[in-house]
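> Have a look at this prediction, sequence included:
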Amino acid sequence: MTATFSAIELVVHDLPTSLAFYRRLGLDIPADADQAPHVEFEFPGGLRLLWDTVETIRSFTPDWTEPAGGHRIGLAFDCGTAADVDTLFDEFTGGGYTGRKKPWDAPWGQRYATVDDPDGNPVDLFAALTP
């Protein structure tokens, strides 16, 4: 048997707030998902991003505790163009989200920036510097 990578899960404190953040990144998550204890979004190609509330996790693992000492996971989204990285960073930080790293030109040839999602997970915004 060979296991197949299928999904990334985020454990969140406030599901509607987290989903609103990821909707701003362009994920088409239905509004009624805000009321669910578990949400799944499937990207083209089949990879899924999952959200579970802390309460959901504790319903089957009562002694679960949050990891400490750093972020749990990092996600990265291709924004298409370097200018779009700047625009999206400004939209997020202007909307009250924390900017972890302002847009910069990375030595590996990408425009890069990082914002924190509502649970403090870093989300990288990037695009190739040359098309």
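Happy to help now that I have it.

> Check the secondary structure at Pro62 for me.
coil (DSSP: H, G, I helix; E, B strand; the rest coil).

> Count the neighbours of it for me.
7 (other Cβ atoms under 10 Å). Every residue, glycine included, has its C-beta placed from N, CA and C.

> what does Ala106 give?
Ala106 has 12 nearby residues by other Cβ under 10 Å.

> so what pLDDT did it get?
Note on Ala106: pLDDT of 92.

> Skipping adjacent residues, who's closest to it in space?
Spatial nearest neighbour of Ala106, excluding adjacent residues (Cβ to Cβ, 6 or more residues apart in numbering): Tyr112 at 4.5 Å.

> Just checking: what are the partner strands of the host helix or strand of the one you found?
Take DSSP states H and E as the rule and Tyr112 turns out to sit in strand 110-116. Applying DSSP bridges to the sheet, strand 110-116 is found paired with strand 99-105 (antiparallel), strand 122-128 (antiparallel).

> CA-only coordinates of that strand, as CSV, when you get a sec.
What follows is strand 110-116, C-alpha atoms only, in CSV (Å, rounded to 0.1, in the frame of the first residue of the first chain):
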residue,chain,number,x,y,z
GLN,A,110,10.0,36.0,-6.7
ARG,A,111,8.2,38.9,-5.1
TYR,A,112,7.3,37.7,-1.7
ALA,A,113,5.3,38.8,1.4
THR,A,114,3.8,37.1,4.4
VAL,A,115,0.6,37.8,6.3
ASP,A,116,-0.8,36.0,9.3
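
> Name the residues that touch the longest helix along the chain?
Using DSSP state H, we find that the single longest helix of the chain is helix 82-94. Contacting residues not belonging to helix 82-94 are listed as 24-25, 79, 99, 102-103, 105, 111-113, 115, 125-129 [Cβ atoms under 8 Å, 6 or more residues apart in numbering].

> Any of those buried? List them.
Buried members of the contacts of helix 82-94, scored by 16 or more other Cβ atoms under 10 Å, are Cys79, Pro103, Arg111, Tyr112, Ala113, Val115, Leu125, Phe126, Ala127.
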